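Enquirer: could you work out the structure for the sequence below:
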Amino acid sequence: MPKFLFYTGTAFCLFLALSSAAVALRDLENGTPVFVAVGGVAGARAAWAVIVALLAGISAAAIFLRMAALVAARNLFAAFVSVFAVAASVGSLVWLLMLQTRLVVLAHDGTAAAILRPLQEMHLAGCLMLAFFLSLSLLGLRPYFRIQASRFLSALVFFPLPLVMLIVVQELFVAASSAPLPANTPALVVFYAVLSVLFFAIAVHCVRHRYLFLEMTNLRELLDRRINPTGPGIGDALSFRA
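Expert: Next comes the predicted model:
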């Protein structure tokens, strides 16, 4: 994995952790979520926010794909699920940011709210879709966190997906949110808080175990026994039986 991509992804994981915590605190204080392109100042700040979000998503996705490659030697199914979920998350993020770009342009031109309404509804659905695939990505990487990280982190990845499903159930059966963002509910605040802790822990893990991401990884070494590195591995046992 290139060093530039690794350090950029680690920095953006830390950035996502801090931004998730900031959003959760802001929602608790104000009571309503805010989107800068709707009801705000659609200027250079909104455009730069879209660009930074795209770079952050791609860099974090590179970290997740590297984790999926490392866990493939032990759990191939989890690796395939992780690759699919990460690819779907990046696709959802790009589509969501393209919608935000269009909303920024239309809001800057003073377009009527009736014309923006369909895009806002699509933006709300895109937010839920991105949250679902991101939660699925974290859940798919649980074998990696259980082996290389800690039990606390491997247990924490169970929470985002049920929280997303709870938000969707609230949208269906309780009250529909006013687009373009989901309504500020306790489930949403807890979801932001859990993401903040997860991304902060991932950033710390990447810094502490950067050799797993920067150095070349031999699949044979991952399959060999960890107790006695000088002893015969699985490959030697198979060749001996043959």
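Enquirer: check contacts around Gly9.
Expert: Neighbouring residues of Gly9 by C-beta atoms under 8 Å, 6 or more residues apart in numbering: Ser59, Ala60, Ala62, Ile63, Cys206. All C-beta spots, glycine's among them, are computed from the backbone N, C-alpha and C.
Enquirer: check which residues of stretch 180-191 are buried.
Expert: Neighbour counts over stretch 180-191 (16 or more other C-beta atoms under 10 Å) mark Pro180, Leu181, Pro182, Ala183, Asn184, Thr185, Ala187, Leu188, Val189, Val190, Phe191 as buried.
Enquirer: can you give me phi and psi for the third one?
Expert: Think Pro182. phi -60, psi 160 (degrees, to the nearest 10).
Enquirer: shouldn't it be in contact with Leu128?
Expert: Yes: in this structure, Pro182 is within contact of Leu128 by C-beta atoms under 8 Å, at 6.8 Å.
Enquirer: quick check: the residue nearest in space to the middle of the chain vs Arg210, distance?
Expert: Nearest residue to the geometric centre of the chain (C-alpha atoms, centre = their mean): Leu134, 4.4 Å. Using C-beta to C-beta, to the nearest Å, Leu134 is found at 23 Å from Arg210.
Enquirer: which neighbouring elements make contact with the longest helix along the chain?
Expert: Longest helix in the chain by number of residues (criterion: DSSP state H): helix 76-108. Packing partners of helix 76-108 (3 or more C-beta pairs under 8 Å, 6 or more residues apart in numbering; DSSP states H and E): helix 44-71, helix 113-140, helix 142-148.
Enquirer: which of the residues in that helix are buried?
Expert: Buried residues in helix 76-108, defined by neighbour count with 16+ other C-beta under 10 Å: 78-79, 81-83, 85-86, 88-90, 92-93, 96-97, 99-101, 103-104, 106-107.
Enquirer: same thing with stretch 141-151?
Expert: Using 16+ other C-beta under 10 Å as the test for burial, stretch 141-151 gives Leu141, Arg142, Pro143, Tyr144, Phe145, Arg146, Gln148, Ala149.
Enquirer: and these as TSV, adding pLDDT and distance to Thr8?
Expert: Listed next are the buried residues of stretch 141-151 as TSV, based on pLDDT from 0 to 100; distance: C-beta to C-beta, whole Å:
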residue	pLDDT	distance to Thr8
Leu141	88	19
Arg142	88	25
Pro143	86	25
Tyr144	85	20
Phe145	85	21
Arg146	84	26
Gln148	78	21
Ala149	74	21
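Enquirer: what number of residues lie near Ala73?
Expert: 15 (other C-beta atoms under 10 Å).
Enquirer: in three-state terms, label it for me.
Expert: coil (DSSP: H, G, I helix; E, B strand; the rest coil).
Enquirer: still on that earlier bit, quick check: closest non-adjacent residue to the residue nearest to the centre of the chain.
Expert: Counting by C-beta to C-beta, 6 or more residues apart in numbering, the nearest residue to Leu134 once its immediate chain neighbours are dropped is Ser89, at 5.1 Å.
Enquirer: shouldn't that neighbour be in contact with Leu65?
Expert: No: under the criterion of C-beta under 8 Å, Ser89 makes no contact with Leu65, lying 10.8 Å away.
Enquirer: rewinding a little: who wins for most neighbours among the contacts of Gly9?
Expert: So for those (other C-beta under 10 Å), the most neighbours sit at Ala60, 27 neighbours.
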